[in-house]
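Participant: would you be able to build a 3D model of this:
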Amino acid sequence: MSEVIGIGSALLDFTYEVDDDILKKLGLKKGTMSLITEAGSEKILQKMKEYPVKVSPGGSAANTMAGIAVLGGSGAFIGKVGNDINGKVYIAETEKFGVKAYINSTDTMTGHAITFITPDSERTFATNLGAALSLRPDDVSEEAIRKSAILHIEGYLLEGDLKDASVHAMELAKKHKVKISVDLADPSLITRNLGEFKGIVRNYADIVFVNEDEAEAFTQKKSREALDFIHLFCEVAVVKLGAGGSLIKQGDMVYTVKPEKTKVVNTNGAGDMYAAGILFSIANGIPMERAGRIASYAAAKVVGQAEARLNERIDVGTL
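Facilitator: The predicted model follows:
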């Protein structure tokens, strides 16, 4: 049985540590995410071939499932890759992390995110979604969802053609009494789909994750008021406050979670790891106050390194 199964965009991460002038040469605006064509991707990778690169499987929901494994839990991931070497690498590395892969393939190239980290720890992305865009309802394993305690969905899968696969997965989760977790992912995404997202959260979500900006986009309220509003739709509402920690509401209780002190190296993947801590705890019956500590500690470990995923197991028994 998988404690948590995620569905999301399977993106292979190519991560570079660079100075600002490299971004200017590549025509990328610092701190943004740009969608690029296959040709654009090949052009950037060609220009970066002399620079050290770290290659790892990525994507928000996939990162969260890897986090579940790092915490000692059992995670699984549903996604789509291409029939290429990057697709084979993605599946192999996913399983090496200890995550069960329910990943189909197609003739489109494997999606990837070229990530640039500048000395101030700011992240800039050039992303080609590739095969991830071809995820469809028939790629969703009912048996895999049935065997899980929680289904976790990244917000980007609730828009466009990918929405059909996500809604199908949530319907299967409801059928099998599997809890549904949604990370709303991005304020502009929420703004574009506000009415539809509120309907999805109301009809399906048991657990909702947002950061401050996403909370305001979804509720037109801030911090605690946003938390209370979101909790009207679900069992557990989480508002992440960055360096200010986080707020969690479950039932009548509100938990204020203090941030763990750490030297910031890279914030990429911190929110995904935080979600892993909360979902792992819920699946294992860990009280929410302690769940917040586990999530905050795990997120801080990610922030203190260059990679978006941890490679070392966290002993939650000490937290």
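Participant: give me the pLDDT value at the nearest residue to residue 93 once chain neighbours are set aside.
Facilitator: Of all residues not flanking residue 93 in the chain, residue 57 sits nearest, at 4.6 Å (C-beta to C-beta, 6 or more residues apart in numbering). From N, CA and C alone the C-beta is placed, and that goes for glycine too. You'll see residue 57 listed with a pLDDT of 89.
Participant: try the one 3 residues further on
Facilitator: According to the prediction, residue 60 has pLDDT 91.
Participant: quick check: it vs residue 79, distance?
Facilitator: Distance of residue 60 to residue 79, given as C-beta to C-beta, to the nearest Å: 11 Å.
Participant: lowest average confidence across helices and strands of this protein, where is it?
Facilitator: In the chain, the helix or strand scored least confidently by mean pLDDT, DSSP states H and E is strand 33-35, which has a mean of 83.
Participant: before we move on, back to that, between residue 60 and residue 79, what contacts are shared?
Facilitator: By the contact definition C-beta atoms under 8 Å, 6 or more residues apart in numbering, residue 60 and residue 79 are jointly contacted by 8, 9.
Participant: looking at the two, which one has more neighbours?
Facilitator: Higher neighbour count among residue 60 and residue 79: residue 79, with 30 against 25, using other C-beta atoms under 10 Å.
Participant: how about the helix or strand hosting the more buried one as CSV, C-alpha atoms only?
Facilitator: Element membership for residue 79, per DSSP states H and E: strand 75-82. Below are the C-alpha coordinates for strand 75-82, written out as CSV (Å, rounded to 0.1, in the frame of the first residue of the first chain):
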residue,chain,number,x,y,z
GLY,A,75,5.1,7.1,-2.1
ALA,A,76,4.0,6.5,-5.7
PHE,A,77,3.8,8.8,-8.7
ILE,A,78,1.7,9.0,-11.9
GLY,A,79,3.1,10.9,-14.8
LYS,A,80,4.1,10.8,-18.5
VAL,A,81,7.5,10.8,-20.1
GLY,A,82,8.9,10.5,-23.6
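Participant: that one pairs with which strands, and in what direction?
Facilitator: Using DSSP bridges, strand 75-82 pairs in its sheet with strand 2-7 (parallel), strand 99-106 (parallel).
Participant: list of residues touching the helix or strand following the shortest one?
Facilitator: Think strand 2-7. Moving toward the C-terminus from strand 2-7, the next helix or strand (DSSP H and E) is strand 11-17. Applying C-beta under 8 Å, 6+ apart, the external contacts of strand 11-17 come out as 22, 45, 48, 51-59, 62, 86, 89-90, 110-118, 127, 129, 132, 268, 306-308.
Participant: hmm, 6 Å instead?
Facilitator: For strand 11-17, the surrounding residues in contact (C-beta atoms under 6 Å, 6 or more residues apart in numbering) are 48, 51, 53-56, 58-59, 86, 90, 110-117.
Participant: listing partners with orientation, what would you give for that strand?
Facilitator: Here strand 11-17 is paired, per DSSP bridges, with strand 54-58 (antiparallel), strand 112-117 (parallel).
Participant: need the mean per-residue confidence for the helix or strand just after that strand.
Facilitator: Downstream of strand 11-17, the next assigned helix or strand under DSSP H and E is helix 20-26. Averaging pLDDT along helix 20-26 yields 93.
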